[in-house]
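> My questions concern the predicted model and sequence given below.
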Amino acid sequence: MSIYLDKNSKVIVQGITGAEGSYHTERMLAYGTAIVGGVTPGKGGQQSKHGLPVFDTVRDAVAATGATHTCIFVPPPFAADALFEAHDAGIELAVCITEGVPVDDMLKVVGTTHGMRIIGPNCPGLISPGRASIGIMPGHVFKEGNVGLISRSGTLTYEVVDGLTRAGLGQSTCVGIGGDPIIGTTFVDCLRAFKNDPQTEAIVVCGEIGGSDEEDAAAFAAEHLRDVPVVAFIGGRNAPPGKSLGHAGAIISGSFGTAASKIAAFEAAGIPVAERPSDIPRLLSERMAAFA
Amino acid sequence: MSIYLDKNSKVIVQGITGAEGSYHTERMLAYGTAIVGGVTPGKGGQQSKHGLPVFDTVRDAVAATGATHTCIFVPPPFAADALFEAHDAGIELAVCITEGVPVDDMLKVVGTTHGMRIIGPNCPGLISPGRASIGIMPGHVFKEGNVGLISRSGTLTYEVVDGLTRAGLGQSTCVGIGGDPIIGTTFVDCLRAFKNDPQTEAIVVCGEIGGSDEEDAAAFAAEHLRDVPVVAFIGGRNAPPGKSLGHAGAIISGSFGTAASKIAAFEAAGIPVAERPSDIPRLLSERMAAFA
Amino acid sequence: MPDSPNLARMNLMEYQGKELFRRSGIPVPRSQHALTPEDVAAFVASTPGEWVVKAQVLMGGRGKAGKIKFATSADEGRTVAREILATPMPPNRQNPKGEPINSLLVEEKLAIRTEAYCAIAIDRAAKKPVIMVSRFGGMDIEEVSEKHPESIAKFYVDTAIGYSPFIGRELAFRAQLDPGYRRQLPGILGSLYEMFFRYGAKLVEINPLALTADGDVVASDAKVELDDDALFRTPEFKEWHKTLPLDEDETLASNAGLGIRNFRRFPGNVGTLANGAGLAMATMDAVSNAGGAIANFLDVGGGANAERVRNCYELVVNSTGATAFFINIFGGITRGDEVARGIVQAMAETTSRKIPLVIRLTGTNEEEGRRILAEAGMQPVETMDEGAREAVRLANAASAK
Amino acid sequence: MPDSPNLARMNLMEYQGKELFRRSGIPVPRSQHALTPEDVAAFVASTPGEWVVKAQVLMGGRGKAGKIKFATSADEGRTVAREILATPMPPNRQNPKGEPINSLLVEEKLAIRTEAYCAIAIDRAAKKPVIMVSRFGGMDIEEVSEKHPESIAKFYVDTAIGYSPFIGRELAFRAQLDPGYRRQLPGILGSLYEMFFRYGAKLVEINPLALTADGDVVASDAKVELDDDALFRTPEFKEWHKTLPLDEDETLASNAGLGIRNFRRFPGNVGTLANGAGLAMATMDAVSNAGGAIANFLDVGGGANAERVRNCYELVVNSTGATAFFINIFGGITRGDEVARGIVQAMAETTSRKIPLVIRLTGTNEEEGRRILAEAGMQPVETMDEGAREAVRLANAASAK
């Protein structure tokens, strides 16, 4: 088992004939993902260069292929529209790779597309190693196994996973939730899913400064994951403090999470925080041994 | 039992210090309705002339009284706002008496206030005889009993109920759903509730020309109320056809229901349609005898 | 009838609809509203080109009726304007009286490649706005609906989400529009959706939505119906409202202080008045069932007071063939005592001729109301059917004199 | 840092924010933007009255710094304008460099009865816009939040429903505003909410929101932060964007073709470049962990090509104290072969001085990338920690020379 994605998940690609969409479709197919078609308005009826059927609309694609998942590669001004279209067509899970989506667009999307899980935007996607990958993650770094991983960062995720894989710690599912202020799926959402996934035996949470998602994750873990080994990492520990947003920003929940506050939250929840990514495999192994 | 409203339902009145709100609050209290307070912005902390606490906001009123029902007497430009406020404060059922609410306001309200039942707008409210009344119905006409009644019209409802009461046929709940194009609760909603109400043994549906709510009700009854005596009445049988809306209107579902189409729908569902309101008690008694 | 969508009133003329389109960012041809042939001539003289002169009426079928003509010079403009204004729109099935022509729109003649149809209306059953698109533009949409029902693509909008461009894209594909529409339709429908809510519309329709030889998508006609109940939001339309032709019944109702939908005349001799549209219809039905012929529909509304009842009495007596008057009041929000006072006062004060009254008064404050009527020497009947029978009897007796 | 809300960039000056308020129907005082003392004098001369002259800067604390002054005559206007423009805004804790003053706003002096605070911001955790109101207007809201946290009333808006006037009404009561605000606040907050989405804001703040002696509610100041990512929607702001002061790092980043948030300098000697903000931060952490001092943060972004890598190299070499350069690429969307070509090309083409490179390259197309580097005589290290150690060693060695 895995969360959100397995090898039977039928996936379409919105923007399949664009340069990035086409390139990563090829890679996802190579990884074994069940990509069943793509969407490019005006190219309905054609075939993509991968031999996949192209549709004018998500609705057409879903009707013809039974797709439940979508991977969105469209420019930022059109990302919210692509998400609304996917939702309207009954898609269950949408991965939005696009970087630079206006935050107010996401406020509207996240507040209205109930019933559809969104990963991202500005994220590398998710992968259930050995089964399927949606997004842009380099598949060869990953290895099937029992560690669930959640990360706000893209390349840092690969870094951490690379270490896990080299240490023989395979992964159940790795989710890159994205670094934007408003995202569809949070750490807590993923933790809840991992909790219910029989394959996942340990969890790595890769956070970074800003926001309060890590603090929320620590609180959730303290309450619901007492019996699961969890290790955390916080990127940007040594980053000098950014400019203060000042004014209203500072008095709203979640706008000003420092590395110290996040580390303290995890430690209070009994979760060790790795000082460097390369420390994660050792800490996790120790933790797993302690729980065994 | 009754539907939507019983004597323990805690009710507030939005617009309690206005002329209509105050007058009908008095009548509702006299009927035995558990009115626990009212809302008039700026008069929070005062008492209404009925001795009820007045609050500035629905949220305050709900917090202080535990109200679950509201009755809205505010001018048309503020009706949608009053409904949004009730929804936000966690009200379960809102009766909107106001006539002349813009139809696009109601499109937004009905499409977004999920979880709150709305009766109306432009309706006389609902009454569970012998228990409680919300709205403007003349309570002395009604009598507790086992007939559920649903009507799009106000005064016609009283007419029909007067006949039922005189014939000894008491009512479980009577709902005036309102005559506007977009309303919160339809015939079908009420039929579903009556189906699940043990007290309700027979149902009267008072429709009128326009829309397709009667046709939908007939279809629902044909499928789900085969074992319940139902009688219908359609107002406006002899009304000469109105001006054609023409164009787009005519090709949309529900915008052009003639008396003939409604009568045919009920008859196809095995439901007798009374020719005049005064025929309803006899038809219903016959029907109840046949089902007994 | 009052509650029926059939009587939506605030129908805008083409030039008014296009003004809303312009304000909402929907492309429309260059144009000028004109009241006289001289206005047309002056405009064409000052702005050379090829122009279309169109009668501004609410009826359809202007082209077939010769009420759309072309002009390329001031003289030609004056001539065709005169021709158009010379006669009213001829009657058709839906508008048996035709329609007077009071103004013209002089509009840029477009080089049209093809035409489509789009509209936003309200679906009562779905409780949603519905956006409709068809590739059959310029035809009557009811006809299209009959002959090519599959050609009309519809999208029911969830108002919690609102409009997003994919809706227009999807509709363009589903309706198999010319590919030239694809880029522009999503934006145009978005503006139309925004306009629908901003101005409180019940229907907005662009038919035809033209695709020009240059590849532009332009609203070639405009049909907009605004919701009377939303006019408080747009006081700027009050002027327009006045320019729209009210029919005789609507004018009478308006003059009597009633809503324009609350009164309608018929050829019979039994005048009626009831409170509430449903009861008013049932009252008409009761008169018909009693073998009578109704003279009118009249819903006095929810908050009837003495003055309003008097006005209604006079309206019916003076404008219909009523020889008896059946007043049927069932009190909910309307209090029987007020109605009774109104009736007594109406009969005391009115200078109009007196016709026999049959009064049925029950519901809220009915005892007090009946007491007042009794004191004034009037006796109410007990039931609606009884009242209808009595009113028919009195009307026929009076008419037979 | 790049993903942090701390670096929101499109902060508008007061006069720009008020222009948006004006367009959005939010009441603002009469005012005139002015660049010179002569402009101020001419305006005051032409429009007699009592005027306030305010420095247009992003920093707070203008009043205390003497950068808000009054004028009732042209001469006085000229004099106070000169005084304000004479010196920059003095530094404070948040802005240790102060801020130059380039323009002024001349504004009607209001007779103020009392002041309140209102704002709309984004709550990341709730994923909702949050509307905030406090009766403590004119104070720093962070200070209010510390001293009177209960005084700040908040409403989290469900974007599926949007704003409705009850929200403003409820906030006015909960924040215990002067009753004079009640009638106008709901409309003002509605306009502010609409503006928030129309212009793609991250924060809109009115502090103070004045209640005048005449009973009008007016935005006395304006703080607006727009989302860079939404600027495509409002091309009219491009001009404004240019007028805002970029700091040196932002200017350097922008000139190198990077996003203004993607580069930041520090005092150390280890230059860094990574792809992705998370990895860039982790790279800085790795250098620190290896005992080194970083010279910069640099996120080359997701789609790095040869030219961009060269630009980044030159940026770091020419603008920081870096004596060695650690390139840390983990390929996902960025392909290792492209990066390798970029590095090779950068070193071949650059006219900047050469400093030792340490390259860590893995992920997508890493074999091809490494082959390219090897052919050019460069050898990548295996891990980030190893690379960081090597870069620190080389940097310290070079710096020691």
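Done, it's in.
> tally of neighbours for the residue nearest to A:Ile183 when sequence neighbours are not counted?
What sits nearest to A:Ile183 in space, not counting adjacent residues and going by Cβ to Cβ, 6 or more residues apart in numbering or on different chains, is A:Ile177, at 5.6 Å. Where C-beta positions appear, they are placed from N, C-alpha and C, glycine not excepted. Applying the criterion other Cβ atoms under 10 Å in any protein chain shown, we find 27 residues in the vicinity of A:Ile177.
> OK, contacts around A:Ile177?
With contact set as Cβ atoms under 8 Å, 6 or more residues apart in numbering or on different chains, A:Ile177 has these partners: A:119-120, A:123, A:150-152, A:183, A:185-187, A:190, A:213.
> Give me the buried positions along stretch C:67-85.
Taking 16 or more other Cβ atoms under 10 Å in any protein chain shown as the basis for neighbour counts, the residues of stretch C:67-85 that come out buried are C:67-69, C:71, C:74, C:76-81, C:84-85.
> Pull the contacting residues for the residue of the stretch 101-250 of chain C found nearest chain D.
Minimum separation of the stretch 101-250 of chain C from chain D (Cβ to the nearest Cβ) falls at C:Ala160, amounting to 4.0 Å. The neighbours of C:Ala160, taking Cβ under 8 Å, 6+ apart as the test, are A:112, B:111-112, B:114, D:160-161.
> Chain D versus A:Thr173, what's the distance?
Distance from A:Thr173 to chain D, counting by Cβ to the nearest Cβ, to the nearest Å: 17 Å.
> Assumed that residue was part of a strand.
Yes - under DSSP: H, G, I helix; E, B strand; the rest coil, A:Thr173 falls within a strand.
> Can you tell me the closest non-neighbouring residue to the residue of the stretch 101-250 of chain C closest to chain D?
Looking at C:Ala160 with Cβ to Cβ, 6+ apart, the closest residue is D:Ala160, at 4.0 Å.
> Specify the local secondary structure of the one you found.
Three-state call for D:Ala160 (three-state DSSP): coil.
> What spatial separation is found between it and D:Ala376?
Using Cβ to Cβ, to the nearest Å, one gets 56 Å for the distance from D:Ala160 to D:Ala376.
> Repeat that for A:Ile97.
For A:Ile97, the distance to D:Ala376 (Cβ to Cβ) stands at 31 Å.
> same check, this time on A:Thr68
Taking Cβ to Cβ as the criterion, A:Thr68 is separated from D:Ala376 by 46 Å.
> Tell me which of those two has more neighbours.
Comparing A:Thr68 with D:Ala376 by neighbour count (other Cβ under 10 Å), the higher total belongs to A:Thr68, at 18 against 14.
> contacting residues around that one?
For A:Thr68, the contacting residues are A:9-11, A:91-93, by Cβ under 8 Å, 6+ apart.
> One more: C:Met139?
Applying Cβ under 8 Å, 6+ apart, we find C:Met139 in contact with C:Tyr117.
> With A:Glu159 instead?
With the criterion set at Cβ under 8 Å, 6+ apart, A:Glu159 makes contact with A:277, D:279, D:282, D:330, D:384.
> Pull out whichever of these are also neighbours of chain B.
Among the contacts of A:Glu159, none lies close to chain B by the criterion of Cβ under 8 Å from any Cβ of the partner chain.
> Of those, which is the nearest to chain B?
D:Leu279 (41.8 Å).
> wait, doesn't C:Gly138 sit right on C:Glu115?
Yes - between C:Gly138 and C:Glu115 a contact is recorded at 4.5 Å, counting by Cβ atoms under 8 Å.
> which neighbours do the two share?
C:208, C:220.
> Using the three-state scheme, assign the closest residue to A:Leu164 other than its chain neighbours.
Across the structure, with Cβ to Cβ, 6+ apart as the measure, the residue nearest A:Leu164 apart from its sequence neighbours is A:Pro281 (5.5 Å). Secondary structure for A:Pro281, judged by three-state DSSP, is helix.
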